[in-house]
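Q: Pasting the sequence and the predicted coordinates here, then a few questions.
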Amino acid sequence: MRFLSSASVCLLPFASVVNALAWTATPFNPSAIPLAVRTPYLSAWLPQGAGAALNDVWPAFWTGSTLGWAGFVKVDGTAYTFLGAPAVSGATFSKAVQKSSRFTSTQSIFVLSAGPVDLTVTFLSPVEPNDLVKQSIPFSYMSISAASTNGASHSIQIYSDISAEWVSGDDSLTVNWNSTTTGTVLTHQVQLSSPTVFSEISDHTQYGSAFYSTSNTVGATYQTGADVNVRAQFINNGKLANTLDTGFRAVSNNWPVFGLAHDLGTITAATTPVVFSVGHIRDPAISYIVAGGGTQSRSLYFLSQFTTSAAVISSFLSDFSAALTRANTFDAQVQTDAGKISADYAAVVAISIRQAFAATELTLSKTSTGAFNTTDVILFMKEISSDGNVNTVDVIFPAWPIFLYTNPTLGKYLLEGLFRYQASGQYPNKWSVHDLGWCKLPQALGHNDGLDEAMPVEESGNMLIMALSYALKSGDNSHLTRYVRILCSLRWRWRRLKGLSSPPCSINGRSS
Ligand SMILES: *[C@@H]1O[C@H](CO)[C@@H](O)[C@H](O)[C@H]1NC(C)=O
Ligand SMILES: *[C@@H]1O[C@H](CO)[C@@H](O)[C@H](O)[C@H]1NC(C)=O
């Protein structure tokens, strides 16, 4: 744990902010609204300040840095922005007017009026606690549907792009990109030209690729190029030019953007949504210390099921309506359960869930033959809006209830990395390690020098409480028995530090 004075994404309801809004905010207006929030590195929010509509400001990474993500709609030839704050010289457009914002545990839903049409823009970041493959897919959906508000028919085209800000914390670095323009899915892929594995700049990962995709349905178009050119092309023509910019350059050098557009034709009633997916894949995901001082490269769990990015994107996009159904069921269950405490409590739980899950990544190791070892799962968590430590015990502890509630096994996977490291005998102190890596996700390299932040009473107590509550909730005693020596020694140290005597310790007949 570390308290920093820098701005952080702090999600507390402030009634005074709610009152100032020009739109309806349900159940309240938080200080940042999750847009695409799935992992420590796929984390796009709409910062609110005193209240910001979806098209008032740029989406921001959790640190507050801009993530270029723009959206325009054309209605009967008139262009409106609905997402982001783009300036496009040489093209005329208005701003759609936000009517409402609403969030659930998995979705943030905005309704904006674009002349005689209402656009419903839904950001779905799936929370899939009982499906390890789906939970670990680092992708999010944006879906958009349009409906006439005056009974007349209207011609609609929809556009969206991302910038290369999704792949680096340093906009002066060079990126390259490519696109898949045939087949059932249009995808733009962008990455650093000189990636550095297992490294970060300003909390952004410095390797791997971002992907922006949509179904390649009739009337879908694509374009890559300088932000003003690609956006002006859509604003002036209602479609993209199907051209690709190959002048690879820095993120901020004539800002390359990756645009996709759909022509919905003439509509009256609400349309079937057009769906975009945004994601970021890196492999390996985590470097983890193992017995003997070596390190193990671990990969995101979903890679055990998909061998190409195209395959996972295609599966993710075609799963949209089923994912939405599962999300609605999950949201309703959380609302029912948390609502038994109070409506305010249910709202705070709902705004917290994507934030909690997106601090984590599910990983697997490989066997000596290079196959994924699906029995070796470790869940890693980043200490976000703080110092970036890996699997900080006192940061896992406040998040613990959401894992126990949704799937206790995820809690076991969170503790496993800590127990396994401590059982390797490399950590010299006799109390619980504070974390698995100092300011260093994705490097979980332990603290063999014993110089981690010393919080012996709190961390040892937290580990004991979490190990016991997992066993009680799940009926699975395997951690208690496998790590009995560690648990007994944490208990002994905790009691000593509290000035208590230590009676003999045993778990299931095994003692330390
Ligand atoms: C795009 O580039 C990446 C990285 O060089 C490569 O792995 C991928 O296959 C390319 N995709 C296409 C569609 O060319
Ligand atoms: C898979 O991982 C488990 C847990 O770490 C380990 O016990 C087992 O030996 C591994 N299997 C192989 C084939 O490496």
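A: Looks like it arrived, so ask away. Ligands and ions are numbered 1, 2, ... in the order given.

Q: What parts of the protein come near ligand 1?
A: When proximity is defined by C-beta under 6 Å from any ligand atom, the chain lies next to ligand 1 at 178, 180, 189. Quick note: C-beta positions are derived from backbone N, CA and C, even for glycine.

Q: Let me have those residues in JSON lines, extended by neighbour count, secondary structure and distance to Asn373.
A: JSON lines is the format used below for those (neighbours: other C-beta atoms under 10 Å; DSSP: H, G, I helix; E, B strand; the rest coil; distance: C-beta to C-beta, whole Å):
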{"residue": "Asn178", "neighbour count": "15", "secondary structure": "strand", "distance to Asn373": "32"}
{"residue": "Thr180", "neighbour count": "19", "secondary structure": "strand", "distance to Asn373": "31"}
{"residue": "Gln189", "neighbour count": "20", "secondary structure": "strand", "distance to Asn373": "28"}
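
Q: can you pull the buried residues of stretch 85-98?
A: 85-86, 88, 91, 93, 96-98 (16 or more other C-beta atoms under 10 Å).

Q: now, which of those lie within strands?
A: 97-98 (DSSP state E).

Q: Which two of the buried residues of stretch 85-98 have the greatest separation?
A: Using C-beta to C-beta, the two most remote members of those are Ala91 and Gln98, lying 21.6 Å apart.

Q: Would you mind giving the secondary structure of Ala232?
A: helix (DSSP: H, G, I helix; E, B strand; the rest coil).

Q: so it sits right up against Gly90, yeah?
A: Yes - the pair Ala232 and Gly90 qualifies as a contact (C-beta atoms under 8 Å) at a distance of 5.5 Å.

Q: continuing past the host helix or strand of Ser321, what's the next helix or strand?
A: If you go by DSSP states H and E, Ser321 is part of helix 320-339. Remark: after helix 320-339, the chain's next helix or strand is helix 343-357, criterion DSSP H and E.

Q: Show me what counts as buried in that following helix.
A: Buried-residue list, helix 343-357, by 16+ other C-beta under 10 Å: 346-357.

Q: Just the pLDDT at the residue nearest to Leu54 when sequence neighbours are not counted, thanks.
A: The shortest distance from Leu54 to any non-neighbouring residue, by C-beta to C-beta, 6 or more residues apart in numbering, is to Phe110 (4.7 Å). Phe110 is assigned 98 on the pLDDT scale.

Q: Walking through the stretch 401-512 of the chain, point out its strands one by one.
A: Counting by DSSP state E, counting those that start in this stretch, the stretch 401-512 of the chain has strands at residues 443-444, 506-507, 510-511.

Q: Which of those has the lowest mean pLDDT?
A: Across the strands of the stretch 401-512 of the chain, strand 510-511 gives the lowest mean pLDDT, at a mean of 65.

Q: Around the closest residue to ligand 2 within the stretch 1-150 of the chain, count how many other residues there are.
A: When distances are taken as C-beta to the nearest ligand atom, the stretch 1-150 of the chain reaches nearest to ligand 2 at Leu132, 14.7 Å away. Other residues near Leu132 come to 21 when the count uses other C-beta atoms under 10 Å.

Q: same check, this time on Asn391
A: Around Asn391 there are 27 residues (other C-beta under 10 Å).

Q: now do the one 4 residues further on
A: Other residues within reach of Val395 by the criterion other C-beta under 10 Å amount to 22.

Q: Helices of the stretch 351-500 of the chain, residue ranges please.
A: For the stretch 351-500 of the chain, the helices defined by DSSP state H, counting those that start in this stretch cover 393-406, 408-423, 456-474, 478-482, 484-497.

Q: can you give me the mean pLDDT across the third one?
A: Confidence over helix 456-474 (mean pLDDT, whole number) is 96.

Q: hang on, the earlier thing: what helix or strand does the residue nearest to Leu54 sit in?
A: Counting by DSSP H and E, Phe110 is part of strand 107-114.

Q: Just checking, which helix or strand succeeds that strand along the chain?
A: strand 117-124.

Q: Quick one: list the elements packing against that next one.
A: Contacts defined by 3 or more C-beta pairs under 8 Å, 6 or more residues apart in numbering; DSSP states H and E place strand 117-124 against strand 32-37, strand 69-75, strand 78-83, strand 107-114, strand 139-148, helix 320-339.

Q: Dump these to JSON lines, plus distance to Ile267 and mean neighbour count.
A: JSON lines is the format used below for the helices and strands packed on strand 117-124 (distance: least, C-beta to C-beta, whole Å; neighbours: other C-beta atoms under 10 Å):
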{"stretch": "strand 32-37", "distance to Ile267": "25", "mean neighbour count": "26"}
{"stretch": "strand 69-75", "distance to Ile267": "10", "mean neighbour count": "25"}
{"stretch": "strand 78-83", "distance to Ile267": "15", "mean neighbour count": "23"}
{"stretch": "strand 107-114", "distance to Ile267": "12", "mean neighbour count": "22"}
{"stretch": "strand 139-148", "distance to Ile267": "6", "mean neighbour count": "22"}
{"stretch": "helix 320-339", "distance to Ile267": "19", "mean neighbour count": "16"}
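
Q: SS state for Thr187?
A: Classification of Thr187 by three-state DSSP places it in strand.

Q: Thank you kindly, that will do.
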